[in-house]
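Engineer: show me how the following folds:
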Amino acid sequence: MSLDRRRFLTISAATFSGTLLAACNKNPRGADKLLTLAESANESIERSIFRHDSMDRVPASAKVAGKDFPKYFISETVPMWDTAARGEWRLEVSGAVRRPVSLSLEALTKLPRVTQKVDHFCVEGWNARAVWSGVRVSDLARLVEPTADAQYVDFGGFDKGYHESWDMESAMHPATLVAYGMDGRMLSPAHGAPARVHSPVKLGYKNTKYLTRVVFMPARNGGYWSDQGYEWFAGT
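Structural biologist: Numbering: from 1, shown residues only. Just a heads-up that it's a prediction; the model follows:
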């Protein structure tokens, strides 16, 4: 009998949880060290399983979630870019790169466009499908030419400064997009307009909405949920 990747990780997590609970009961402080060790081991497993050429294969006939696709943001109300107060929205791509750029939405839409129907996996256990249109992050990388020490990418937005950093391999995956379209229309504010990150290779909370900056970095810097104890790698 074979196990798919998500099932394997679920069983591994369940086994570890039992060990951790026992450790917490006996030595709460010692459990912190066990948690750190387990997180490191789990990330090593996820990195070893990750394949840059592995794609999320969704049948062409598969239905998309449409209006039922869940909406999420951390601000008190739906974040909306205020042109009068902030000026024209732009995407800043910078950091450990040779040619940083500042792109308007129009300029972003003129870059090579990719449209893909893929799954969206949430840490809460639900999945949904949508058709996303946008620019591969790998194409943005070719535009700005990351330096040799660029090993991570941080995606930040204007939803109360929400951000999450990624490993370079996942960011360069061909299914990882800076998306500006969903289901054949431009993104709505509820789903991250004017642009957001989307990739089926990461859990939903890693897919920063309301994107304003992409920063290439030599070291990772956590993220909104990663800093609160959620798994940093968060691969699917």
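Engineer: got the domain ranges for this protein?
Structural biologist: The chain is divided into the following domains under automatic domain parsing: 5-49, 66-228.
Engineer: mean confidence score for the shortest one?
Structural biologist: Meaning domain 5-49. Per-residue pLDDT over domain 5-49 has a mean of 56.
Engineer: how about stretch 72-82?
Structural biologist: On average, stretch 72-82 scores 97.
Engineer: buried set for it?
Structural biologist: 73, 79, 81 (16 or more other Cβ atoms under 10 Å). C-beta coordinates here come from the backbone N, C-alpha and C atoms, glycine included.
Engineer: quick one on the thing from earlier: how about a markdown table for the domains of the chain, with distance to residue 56 added?
Structural biologist: Formatted as a markdown table, the domains of the chain follow (distance: least, Cβ to Cβ, whole Å):
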| stretch | distance to residue 56 |
| --- | --- |
| domain 5-49 | 12 |
| domain 66-228 | 4 |
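Engineer: of all those, which lies closest to residue 235?
Structural biologist: With Cβ to Cβ, the closest approach to residue 235 among those belongs to domain 5-49: 4.5 Å.
Engineer: can you tell me what sits against stretch 53-67?
Structural biologist: 117, 118, 119, 128, 129, 130, 131, 174, 175, 183, 200, 201 (Cβ atoms under 8 Å, 6 or more residues apart in numbering).
Engineer: bridging residues for the nearest residue to residue 223 once chain neighbours are set aside?
Structural biologist: Take residue 223 and drop its neighbours on the chain: the residue closest to it by Cβ to Cβ, 6 or more residues apart in numbering is residue 164, 3.3 Å away. Counting by DSSP bridges, residue 164 is bridged to residue 155, residue 223.
Engineer: was I right about residue 164 contacting residue 203?
Structural biologist: No: Residue 164 is beyond contact range of residue 203, at 9.9 Å (criterion: Cβ atoms under 8 Å).
Engineer: which of those two has more neighbours?
Structural biologist: Taking neighbours as other Cβ atoms under 10 Å, residue 164 and residue 203 compare with residue 164 leading, 27 against 21.
Engineer: so who does that one touch?
Structural biologist: Contacts of residue 164 (Cβ under 8 Å, 6+ apart): 154, 155, 205, 206, 207, 208, 223, 224, 225, 226.
Engineer: thinking again about what came up before, in terms of mean pLDDT, which of the domains of the chain ranks lowest?
Structural biologist: domain 5-49 (a mean of 56).
Engineer: ok, which stretches of the protein are helices?
Structural biologist: Along the chain, counting by DSSP state H, helices occupy 5-26, 28-49, 83-86, 105-109, 137-144, 168-171.
Engineer: and the fifth one, what other elements does it pack with?
Structural biologist: So that's helix 137-144. strand 90-95, helix 168-171, strand 177-182, strand 211-217 (3 or more Cβ pairs under 8 Å, 6 or more residues apart in numbering; DSSP states H and E).
Engineer: buried set for it?
Structural biologist: Buried residues in helix 137-144 (16+ other Cβ under 10 Å): 137, 139, 140, 141, 144.
Engineer: and the nearest residue to residue 181 once chain neighbours are set aside, how far from residue 182?
Structural biologist: Computed as Cβ to Cβ, 6+ apart, the closest residue to residue 181 that is not its neighbour in sequence is residue 133, at 3.3 Å. Noted for residue 133: a distance of 7 Å to residue 182, by Cβ to Cβ, to the nearest Å.
Engineer: equivalent analysis for residue 140, please.
Structural biologist: For residue 140 relative to residue 182 (Cβ to Cβ), the value is 19 Å.
Engineer: which ones are touching residue 220?
Structural biologist: 151, 152, 154, 165, 167, 232.
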